[in-house]
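S.K.: would you be able to build a 3D model of this:
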Amino acid sequence: MKDEDSIIVPFLNASTEMTGTKKARKDFGVTGNRDGSETTYSLNDVVIAVVDTGIDDEHIDLDGGKVIGWYDLISQESNPYDDNGHGTHVASIAAGTGEGDPGIEEGYAPGAALVGVKVLGANGTGSIQNIANGINWVVDHNDTLGVEILNLSIGAYGVDETPVCEAITNAVNNGIIVTIAAGNFNSAPYAQYDSLSDFSHCNGVVVGNMVDPYEGGWSPNKSSRRGTAKGTIVTGPDLIAPGTNIRAAAANTTDGYTTMTGTSMSAPAVAGILALMNDASNGSLIYTIYTEDFGKSGFDPVYGNGEILAYDSIKEAKGAFSGSFDDFRDHLIGQTSIDEGFIHTYTINVYHTDTNLYFATTLLMLDEDGDDFDLYVWGPGKDPHTDAPDYSSIGTDPQEVISFKPTSTGNDTVGIYAYSGSGQYSVDFIGQIRPEG
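M.R.: Reported below is the predicted structural model:
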């Protein structure tokens, strides 16, 4: 279902819609603009620094003086540019105006200003010291930049992250909140524990990649890196936000768009939400972020504190007493243990179907010891003891997902089979669903 006055398109607009961001902008009158003009930009607006491959400030979503500061550590060019495209995509998620595709490709905080810091070359790589220097440059020049939020959609693995962590701490100590991508698996095996980017150890808001409902979620993207519960301290992303099949500005096209997936897309979503919170609170640097718990109860290695609730977070920042948001998705959670060779079944009632409605089930194996559990779904009228399943997910990763658009209402049966190993699991069900009816 959708709000009667909304048109949902499954790209950037879908993620802003499903997090409640779009409705919050309307209800609370926030865009990131704080200087009194939506079409001019200054340090008096909420300002987001994007430390990345650069920003193409000639793209229609990012032009008109939106980029109010620039520093190039690669080629020392004085004017903004992006010879890779990653930074432009990231910047438009956070703060693009959407003029190239009105009402569809608007970023999270379209009224915010941007500062571009190019620390990665055309091939998307760079040095740890350049990244640290870029962050420190923002801090050193912030009297004239006015940056409140800094986004770092850069991953690093097996390096000494100390210079970057020190630079991030410097930024935080000077009133800048930093959003950090949790990192991605670019090839199998996926969904592995204890795999976060080295920068996740730094003092920022670490963001994992959630699949939004119009892409078949809510569920964590299997490419999103995660922490571990094996040590004395549970690690993981701080939270999780949409980052799957995000269509945003394509560099060097003037008005074109491209689709990307990754925590690099999730981090600027949170940066944009923080910008709206800053706008709503008239510049307060105290951010109370609301989340919805998924997976294992409490903070966990996959979801962290859960999926970000943009509407509730912006409402709290505004100090508003009225207003609400409903994504029209029900969320059921189960958590228990299973012995090898056994099967657990859950009966879930699908009470409404629609061409935009998925029924998504996510199974996580929690013990981090190589358990291999499989996931199955039987549609209404099917007997799991005698009939073949309609859907199955039987990989070897510690996460299985089944997502489909039901064509009929009724009771579906979800089965979890412990193919190898015994241990704990969590299972999340999302859709227009309820327990057996």
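
S.K.: got a list of what Ala378 touches?
M.R.: No Ala there; residue 378 is Trp. Going by C-beta atoms under 8 Å, 6 or more residues apart in numbering, Trp378 touches 384, 387, 389-390, 412-413, 415. (C-beta placed from N, C-alpha, C; glycine too.)

S.K.: try it again with 6 Å
M.R.: 384, 389-390, 413 (C-beta atoms under 6 Å, 6 or more residues apart in numbering).

S.K.: need the pLDDT of Thr40.
M.R.: If you check Thr40, the pLDDT there is 95.

S.K.: go on, the one 10 residues further on?
M.R.: According to the prediction, Val50 has pLDDT 98.

S.K.: now Asp5
M.R.: pLDDT recorded at Asp5 is 33.

S.K.: again with the one 5 residues further on
M.R.: What the model reports as pLDDT for Pro10 is 41.

S.K.: next, the contact list for the spatially most distant residue from the centre of the chain, please.
M.R.: Ranked by distance from the centre of the chain (C-alpha atoms, centre = their mean), the top residue is Thr386, with 40.2 Å. Contacts for Thr386 were tallied using C-beta under 6 Å, 6+ apart; there are none.

S.K.: distance check, it against Val350.
M.R.: Distance of Thr386 to Val350, given as C-beta to C-beta, to the nearest Å: 21 Å.

S.K.: just Lys66 next, same as before
M.R.: Computed as C-beta to C-beta, the Lys66 to Val350 distance reads 44 Å.

S.K.: comparing the two, which shows the higher neighbour count?
M.R.: Neighbour tally, Lys66 and Val350, criterion other C-beta atoms under 10 Å: the higher count belongs to Lys66, 26 against 21.

S.K.: about what we covered before: looking at the contacts of Trp378, which is nearest Ser187?
M.R.: Set against Ser187, the nearest of the contacts of Trp378 by C-beta to C-beta is Pro389 (28.1 Å).

S.K.: got the contact list for the closest one?
M.R.: Applying C-beta under 6 Å, 6+ apart, we find Pro389 in contact with 376, 378.

S.K.: that one: which element?
M.R.: Following DSSP states H and E, one finds Pro389 outside all helices and strands.

S.K.: kindly state the pLDDT recorded for it?
M.R.: On the pLDDT scale, Pro389 gets 98.

S.K.: Gly437 too?
M.R.: At Gly437, the pLDDT recorded in the model is 62.

S.K.: next one: Val172
M.R.: Val172 is assigned a predicted lDDT (pLDDT) of 98.

S.K.: surely it meets Asn203?
M.R.: Yes - taking contacts as C-beta atoms under 6 Å, Val172 lies within contact range of Asn203: 5.2 Å.

S.K.: if we can go back for a sec, of the contacts of Trp378, grab the buried ones for ChimeraX.
M.R.: A single ChimeraX command suffices to select whichever of those are buried according to 16 or more other C-beta atoms under 10 Å:
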select :384,389,413
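
S.K.: now, among the contacts of Trp378, which is nearest to Thr288?
M.R.: Nearest to Thr288 among the contacts of Trp378: Thr413, at 40.2 Å, using C-beta to C-beta.

S.K.: check contacts around that closest one.
M.R.: 345, 347, 378, 384.

S.K.: could you redo the last one with a cut-off of 8 Å?
M.R.: Taking C-beta under 8 Å, 6+ apart, one finds 345-348, 377-378, 382, 384 in contact with Thr413.

S.K.: and if you look at Leu375?
M.R.: 361, 363, 392-394, 400-402, 414-417.

S.K.: what's the answer for Asn209, then?
M.R.: So Asn209 contacts 182, 184, 220-221, 223-224, 240-244, 261-263, 265-266 (C-beta under 8 Å, 6+ apart).

S.K.: one more time with 7 Å
M.R.: Residues in contact with Asn209, defined by C-beta atoms under 7 Å, 6 or more residues apart in numbering, are 220-221, 223-224, 240, 243-244, 262-263, 266.

S.K.: pLDDT of the helix or strand encompassing it, averaged?
M.R.: If you go by DSSP H and E, Asn209 is part of strand 205-211. Here strand 205-211 scores 98 as its mean pLDDT.

S.K.: send me that strand as PDB with only the CA atoms.
M.R.: Taking C-alpha atoms only, strand 205-211 is exported to PDB below (Å, rounded to 0.1, in the frame of the first residue of the first chain):
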ATOM      1  CA  VAL A 205      28.300   6.400  12.700                       C
ATOM      2  CA  VAL A 206      28.900   3.200  10.900                       C
ATOM      3  CA  VAL A 207      26.200   2.300   8.400                       C
ATOM      4  CA  GLY A 208      25.200  -1.100   6.900                       C
ATOM      5  CA  ASN A 209      23.200  -1.700   3.700                       C
ATOM      6  CA  MET A 210      19.500  -2.500   4.000                       C
ATOM      7  CA  VAL A 211      17.300  -3.500   1.100                       C
END
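
S.K.: who does that strand pair up with?
M.R.: Strand 205-211 sits in its sheet next to strand 177-181 (parallel), strand 219-220 (antiparallel), strand 239-242 (parallel), going by DSSP bridges.

S.K.: tell me which of these sits most buried.
M.R.: For the strands paired with strand 205-211, average neighbour numbers computed from mean count of other C-beta atoms under 10 Å are highest in strand 239-242, which has a mean of 30.

S.K.: packing partners for the helix or strand following that strand?
M.R.: Using DSSP H and E, the helix or strand that directly follows strand 239-242 along the chain is strand 246-249. Contact here means 3 or more C-beta pairs under 7 Å, 6 or more residues apart in numbering; DSSP states H and E; on that basis strand 246-249 packs against helix 12-18, helix 86-95, strand 257-260.

S.K.: so where is the protein shaky, pLDDT-wise?
M.R.: 1-11, 437 (pLDDT under 70).

S.K.: quick one, longest helix in this structure?
M.R.: For the chain, the helix with the greatest residue count under DSSP state H is helix 263-280.
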